[in-house]
Every structure is written in C-alpha cells, then in structure tokens.
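> give the three-dimensional model of this entry:
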Amino acid sequence: MTEQQVQEDLARLDAYRNQLSAMVQQLQYLQASRADHLRARESLEGLDRVGGRGEILIPIGGEAFLRGNPEAGAKVLIGVGSGVVVELEQPKVVEMLAERLTKIEEASQELEGQVRTLDERIQVLSRRLESVTQDAGDAGLSAPDDVGRN
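So this is what the prediction gives:
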C-alpha cells in the first residue's frame, strides 16, 4: 500500500466511525420513541381494565401531576405530526400507536442491520491498516499514529 492509500483508508475509517456514531444516536432515539409509544398504548389499555373507575395521575411537566378520573369511552388527544393534535376514540388511538410501534420496530431493525454492516467495514479496514502498520514496523519504517484505533 502506498502512503496515499493509507491516508485515504484512515480518512475513510474516520468517516465510517462518525457515521456509526450518528447511527447509534438514531437508534437510541428510536428506542426512546418505542418506549414512549409502548407506555402510551399500555396506559390506554390499562384504562380499559379499570373501566373509568380508577383514579389516574396526569403528567403536566416538570415532574408535576394532576389526579383525575377518566370517563369510560372518553376520547383521546393524539399528535399526528407538525404540531397538529386530533381527538379520536380510544380504540383508534390504540390502533395508531400499534401501527407506529410497528414502523419504529421496522426502522430499528433496518438501522441495526446498517450498524452491523458499517461495523464490519470498520473492522476490515482497521485490520488492513493494522497489518500495514505491522509491516511498516517490521521494515523499520514509521507508520501513522492513529492506525487501528477504535
């Protein structure tokens, strides 16, 4: 390998690592969104079990809550995007949440596959650069300082 090829591989490795970091952040966002949607669906399903007879805590932000008694068959407000909120029947909202969860799961699985593929590329490139470093060291030549760092 020429020095230029080594430098190109180092730049590619750095780009891959940055891309991997961004993908991991996206995956964390999807996981948080999934957990949020699961809580919402479980809460609505829990209201069905108590049949409007139980008291619930309603979060209002800042770790503050109001006590309330939901009405049986009460409509639910749900965001549909771009800051728009609609009022729908509870079964429809549960259905929408289930659809969103399915889409989040699909996106997470696809992203996890991309992360694995990119990680494999990083490993292959790192091994190639490590072998160049070892070959250069065996020959008594200087090699780039950051070869093979993860």
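> distance from the chain centre to whatever helix or strand Arg49 lives in, please.
Assigning secondary structure by DSSP states H and E places Arg49 in helix 3-50. Remark: helix 3-50 is offset 2 Å from the chain centroid, using CA atoms, centre = their mean, to the nearest Å.
> before we move on, what about stretch 99-109?
Going by CA atoms, centre = their mean, the spacing between the C-alpha centre of stretch 99-109 and its chain's C-alpha centre is 11 Å.
> hmm, back to that, what packs against the helix holding Arg49?
Helices and strands touching helix 3-50, by 3 or more CB pairs under 8 Å, 6 or more residues apart in numbering; DSSP states H and E, are helix 90-138. Every residue, glycine included, has its C-beta placed from N, CA and C.
> how far does the helix it packs on sit from its chain's centre?
How far helix 90-138 lies from its chain's middle: 10 Å, per CA atoms, centre = their mean.
> where in this structure is pLDDT low?
50-53, 136-150 (pLDDT under 70).
> what residue is smack in the middle of it?
By CA atoms, centre = their mean, the chain has its centre lying nearest to Leu27, at 1.9 Å.
> got the contact list for it?
Applying CB atoms under 8 Å, 6 or more residues apart in numbering, we find Leu27 in contact with Ser108, Leu111, Glu112, Val115.
> and if you look at Gly113?
Neighbours of Gly113 in contact, by CB under 8 Å, 6+ apart: none.
> roughly how far does it sit from Leu13?
According to CB to CB, to the nearest Å, Gly113 and Leu13 sit 21 Å apart.
> likewise for Glu45?
For Glu45, the distance to Leu13 - CB to CB - is 47 Å.
> repeat that for Gln7.
Gln7 is 11 Å from Leu13, by CB to CB.
> how about Val6?
Val6 is 10 Å from Leu13, by CB to CB.
> and for the two, which residues touch both?
Common neighbours of Val6 and Leu13, counting by CB under 8 Å, 6+ apart, are Leu129.
> looking at these two, which is more packed in?
Taking neighbours as other CB atoms under 10 Å, Val6 and Leu13 compare with Leu13 leading, 21 against 18.
> run a quick neighbour tally on Leu30.
When neighbours are counted by other CB under 10 Å, Leu30 registers 19.
> what sits closest to it if chain neighbours are left out?
Ser108 (4.8 Å; CB to CB, 6 or more residues apart in numbering).
> check the burial of the one you found by counting its neighbours.
17.
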